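S.K.: Sequence and predicted model, in that order:
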Amino acid sequence: MFQGFKKSTSIKSTQESLSKQNSTSLNQEKTLNQLRQKKCDLENIIENYCQRLEYLDLQCRQHISCGRKTAAKCCIREMNTLRKQIEMYHTKINVLIKITIQIETMHEDQELGNLMEQATSLFRNQEELNEQLTNNLQNWQEVQESQVERDNLFKDMEDKWINSQEIDEALNQYEEEIKQEKLTQQFNSVPSQKIQSLKQNQQVQQNQVISEKGDLMLN
């Protein structure tokens, strides 16, 4: 009878252990699916933002070429905001990958709870900023037809998130790049014989300058 009791207890214990393992396995799989979906969602957002950045880059260059610096600055403000949000989304993805690896290798349901709490805490730290930036970007779509409202919107975003010096530096960089591109296009459009003549004239002018400097030093 005692042996039968021990056997019954052993079977019950084994069943409970298997049930617990199955429960943990189901929770793991459910959580992993949620993490994978979240990662996929973030990657899609990043891809959309990158496409928007490419469009804004072209718009900015066109505005600068036409002398519309204010419009170009609006593009730069939005690009800087998008880059900041993309950076935060990449941080979130790295966290998701780290937690996914930990969940795939853990064995206790308690560990799963701890990991999910860790993920929630990490995401909560950036949630308010993300919401504010996202709202600003959504507002931008709504007021896209109004130049005044658009300027005010991104001026407000600049005050909150973006250093105005960064915008000026980016604008100067764009202007320099466009200037160099135009010079290259002009240079490529000149016939090769004329280019050689221009190079020779330039060399003659340089030699004259050197000669004049030498005469001044001798005098």
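M.R.: Ah, there it is. Everything numeric here is computed off the predicted structure, so don't read it as measured data. Numbering: from 1, shown residues only.
S.K.: So what does residue 67 look like in phi/psi?
M.R.: Backbone torsions of residue 67, given as degrees, to the nearest 10, read phi 80, psi 20.
S.K.: got a pLDDT number for it?
M.R.: Residue 67 carries a pLDDT value of 86.
S.K.: same deal with the one 3 residues further on?
M.R.: Reported pLDDT at residue 70 in the predicted model: 84.
S.K.: Show me what the helix or strand where it lies is packed up against.
M.R.: For residue 70, the host element (DSSP states H and E) is helix 69-105. Applying 3 or more C-beta pairs under 8 Å, 6 or more residues apart in numbering; DSSP states H and E, we find helix 69-105 packed against helix 2-65, helix 109-142, helix 147-161, helix 164-189. Just so you know, the C-beta spots here come from the backbone N, C-alpha and C atoms, and that holds for glycine as well.
S.K.: and the angle from it to helix 164-189?
M.R.: 110 degrees (axes from the mean of the first three to the mean of the last three C-alpha atoms, to 10 degrees).
S.K.: Point out where the chain drops to low pLDDT.
M.R.: Residue ranges of the chain with pLDDT under 70: 1-27, 106-163, 186-219.
S.K.: try it again with 90
M.R.: Along the chain, segments meeting pLDDT under 90 span 1-42, 44-45, 63-78, 80-82, 84-85, 88-89, 91-219.
S.K.: isn't residue 75 right up against residue 64?
M.R.: No - Residue 75 lies out of contact with residue 64 (C-beta atoms under 8 Å); the separation is 9.3 Å.
S.K.: So for these two, which sits in the more crowded spot?
M.R.: Regarding residue 75 and residue 64, a neighbour count based on other C-beta atoms under 10 Å identifies residue 75 as having more, with 26 against 21.
S.K.: what sits against that one?
M.R.: Applying C-beta atoms under 8 Å, 6 or more residues apart in numbering, we find residue 75 in contact with 56-57, 59-60, 63.
S.K.: can you check residue 59 too?
M.R.: By C-beta under 8 Å, 6+ apart, residue 59 lies in contact with 71, 75.
S.K.: From residue 62, how far off is residue 167?
M.R.: Distance from residue 167 to residue 62, counting by C-beta to C-beta, to the nearest Å: 17 Å.
S.K.: quick one, which of those two is more surrounded?
M.R.: Applying other C-beta under 10 Å to residue 167 and residue 62 shows that residue 167 carries more neighbours, namely 20 against 14.
S.K.: mind listing what the more buried one touches?
M.R.: With contact taken as C-beta under 8 Å, 6+ apart, residue 167 is in contact with 73, 76-77, 80, 158.
S.K.: what two of these are the furthest from one another?
M.R.: Spatial extent of the contacts of residue 167 (C-beta to C-beta) is set by the pair 73 and 80 at 10.4 Å.
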